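> Here is the input, now give the coordinates:
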Amino acid sequence: LITFIGINFFMGTKRKNMWSLLALIGAIVIAFAVFMEKRETSVNQKKTHEETKEFTKEQIDGLDKKSQERHEELLKKLGLNEKSGVLLKQLLGNDFIDVLDDNEAFNSLKQRLEKKSLVEILDENKELKERINSIEFLNNTTFKESILYLLSALKYESARKIIDNYINDNANLKPEFLAQLYDFKALTFSGKDLNHNKRKENFDKAIELDPFNPIILGHYGKYLNYNDQREKAISVLEKALILIDNGQQIKPFDHVEILTILSNAIFHRELKKTKVNRDFTFAKEHLKRAVEINTKLSNKDSKLHIIYRYWAEIHMANAEYDDAIKLLNKSIDYEKNIIGDKPTIYTAIAYMDLGTCFAYKVISGSEDYENGLNAYSKALCIFKLIDGEKHIHIADVYNNLGNLEKHKEIDKAIEHYKMAIKITEDYEIKHVMKLAASYANLARAYGIKSVNDMALYNAEKALSLYRQKLPENHEEILYINGLINHLKK
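So this is what the prediction gives:
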């Protein structure tokens, strides 16, 4: 504007003298100075805005980090894992971290958790229970954490209901997310809700939707391994590991689980070979890798008790029973320190393996008969509590208990072998090797009592079953063939 006025003044002057020229130049200089001042002010304002913006972001990040640290501190002091944080927030409300600053409130909460688990406390509150079992709760928390909570609390029916409702209410779910839902649903058919057909059906849906999810492959591999499909389990679990090694992100907890299950599958595959051809090298390597990754986990999420047990089983296969007993006791003690007195399936299996070690030591002349009975009794009690009366785990205990009892109480042993056979034959999934072992053990027991016709009948049943899974030069087949020939003579 100043420049425009200056030009008009210059052009309008009749005599374009030196003064009018100076006025024009002055106007231009003043206009330029004003422009530069405005520009500098604008730049400074923008810079100040950016600095303020960055400062605010740093503040927010700092607050988030501090909040997260306090969250972790509270869980650590209460002895809870990360998954429990979601439920703790539901119990105490949004200001639950403030419990750290209130000694009276913290001590009160700690005392409640010492007397009852978080799950039991939540179950007592009808309003909270309804909220936790609702879609709104899932939308306000992480879906995975919510379902995992229900699974860990053995609330399989509630978890299934929520998953089905979620699928029905959301028609356009992404395939990857829908695959996770079917994976979770497959896991709900466990324990007393066990249904192998439903489980396989949901795993198949999950893998069809997302064949490259290592967690889903891990769960499916565990299912296959559990049902004695070792080669297929190994193939699926090795695929999961390849995906992880090639950059697929996965939590250390899930990584450790895949490694331990793969180790167990390889171990059981090798057991089907003759003793001279067995090679547990890869099983051990996967366990070593699992131990390394397990160091990244909190005590609550640690799988060290499972790793101890799998190492013990390798020692048992090599007849190193004292070493196995030490590891099994470490497994049981470690799990008690993590979980408390609430028994799990892993505790039961460890007690059963402990009983088996004592049974083999009794054969060598040790005085561990009562120790064996005590271990099997604990295993049986926990299995019945978790799985019910007709689960394959119950058959395993009866079969192994018979192996101990045949040294002192042969009639009890025969009774328990028969019970093991009945459960295994009626079981939804046929465990050929377990059934064969029970028939073979029953044949031996009748042989001890010189009831040769029953011994021969059961030995031939065992041989027929073993031939479905083992090579002709396997020790078990050679032994049963020898027993049959002896009985016939």
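
> which non-adjacent residue is nearest Tyr417?
Closest residue in space to Tyr417, ignoring its immediate chain neighbours: Leu442 at 4.1 Å, by Cβ to Cβ, 6 or more residues apart in numbering. For every residue, glycine as well, the C-beta is placed using N, CA and C.

> Ok, Phe358 next?
Gly372 (3.4 Å).

> Correct me if wrong: the one you found contacts Gly355.
Yes. The pair Gly372 / Gly355 is scored as a contact, 4.8 Å apart, by Cβ atoms under 8 Å.

> number of nearby residues for the residue nearest to Tyr417?
Look at Leu442: counted by other Cβ atoms under 10 Å, it has 27 neighbours.

> Likewise for Ala23?
15.

> for the one 4 residues further on, same thing?
If you count neighbours by other Cβ under 10 Å, Ala27 ends up with 20.

> Give me the average confidence score over the helix or strand hosting it.
Element membership for Ala27, per DSSP states H and E: helix 18-78. Across helix 18-78, the average pLDDT comes to 60.

> still on that earlier bit, the residue nearest to Tyr417: helix or strand, and which one exactly?
Going by DSSP H and E, Leu442 is in helix 432-448.

> Quick one: list the elements packing against that helix.
Applying 3 or more Cβ pairs under 8 Å, 6 or more residues apart in numbering; DSSP states H and E, we find helix 432-448 packed against helix 392-405, helix 410-426, helix 452-466, helix 475-488.

> which outside residues touch it?
For helix 432-448, the external contacting residues (Cβ atoms under 8 Å, 6 or more residues apart in numbering) are 228, 272, 392, 395-396, 399, 402-403, 406, 410, 413-414, 417-418, 420-421, 424-425, 452, 454-459, 461-462, 465-466, 468-469, 476, 479-480, 483, 487.

> what mean pLDDT would you report for it?
93.

> Number the residues from 5 up from this point.
Renumbered: residue one is now 5, and that last one reads helix 436-452.

> Pretty sure Leu467 sits against Ile481.
Yes. Leu467 is within contact range of Ile481, at 6.8 Å (criterion: Cβ under 8 Å).

> mind putting the helices and strands packed on helix 436-452 in TSV, mean pLDDT, mean neighbour count and distance to Ile238 included?
Shown next, in TSV, are the helices and strands packed on helix 436-452 (pLDDT from 0 to 100; neighbours: other Cβ atoms under 10 Å; distance: least, Cβ to Cβ, whole Å):
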stretch	mean pLDDT	mean neighbour count	distance to Ile238
helix 396-409	93	24	21
helix 414-430	94	19	24
helix 456-470	94	19	21
helix 479-492	92	16	22
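
> and the host helix or strand of the residue nearest to Phe362, what does it pack onto?
Gly376 belongs to helix 373-391 when assigned by DSSP H and E. If contacts are counted by 3+ Cβ pairs under 8 Å, 6+ apart, helix 373-391 sits against helix 349-367, helix 396-409.

> Any buried residues in that helix, and which?
Residues of helix 373-391 classed as buried by neighbour count (16 or more other Cβ atoms under 10 Å): 373, 375-377, 379-380, 382-384, 386-388, 390-391.

> do stretch 173-193 as well
Those buried within stretch 173-193 under the rule 16+ other Cβ under 10 Å are 182-193.

> Extract the C-alpha trace of that stretch and format it as PDB.
C-alpha atoms of stretch 173-193 as PDB (Å, rounded to 0.1, in the frame of the first residue of the first chain):
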ATOM      1  CA  ASP A 173     -23.500 -59.400  15.100                       C
ATOM      2  CA  ASN A 174     -20.600 -58.500  12.800                       C
ATOM      3  CA  ALA A 175     -21.100 -59.700   9.300                       C
ATOM      4  CA  ASN A 176     -18.100 -58.100   7.600                       C
ATOM      5  CA  LEU A 177     -15.200 -59.200   9.800                       C
ATOM      6  CA  LYS A 178     -11.800 -59.400   8.300                       C
ATOM      7  CA  PRO A 179     -10.700 -63.000   7.400                       C
ATOM      8  CA  GLU A 180      -7.600 -62.700   9.800                       C
ATOM      9  CA  PHE A 181      -9.800 -61.600  12.700                       C
ATOM     10  CA  LEU A 182     -12.500 -64.200  12.000                       C
ATOM     11  CA  ALA A 183      -9.800 -66.800  11.900                       C
ATOM     12  CA  GLN A 184      -8.700 -65.800  15.400                       C
ATOM     13  CA  LEU A 185     -12.300 -66.200  16.600                       C
ATOM     14  CA  TYR A 186     -12.600 -69.700  15.200                       C
ATOM     15  CA  ASP A 187      -9.200 -70.500  16.800                       C
ATOM     16  CA  PHE A 188     -10.500 -69.300  20.200                       C
ATOM     17  CA  LYS A 189     -13.700 -71.200  19.700                       C
ATOM     18  CA  ALA A 190     -11.800 -74.400  19.000                       C
ATOM     19  CA  LEU A 191     -10.000 -73.900  22.400                       C
ATOM     20  CA  THR A 192     -13.300 -73.700  24.200                       C
ATOM     21  CA  PHE A 193     -14.000 -77.400  23.500                       C
END
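
> No more questions from me, cheers.
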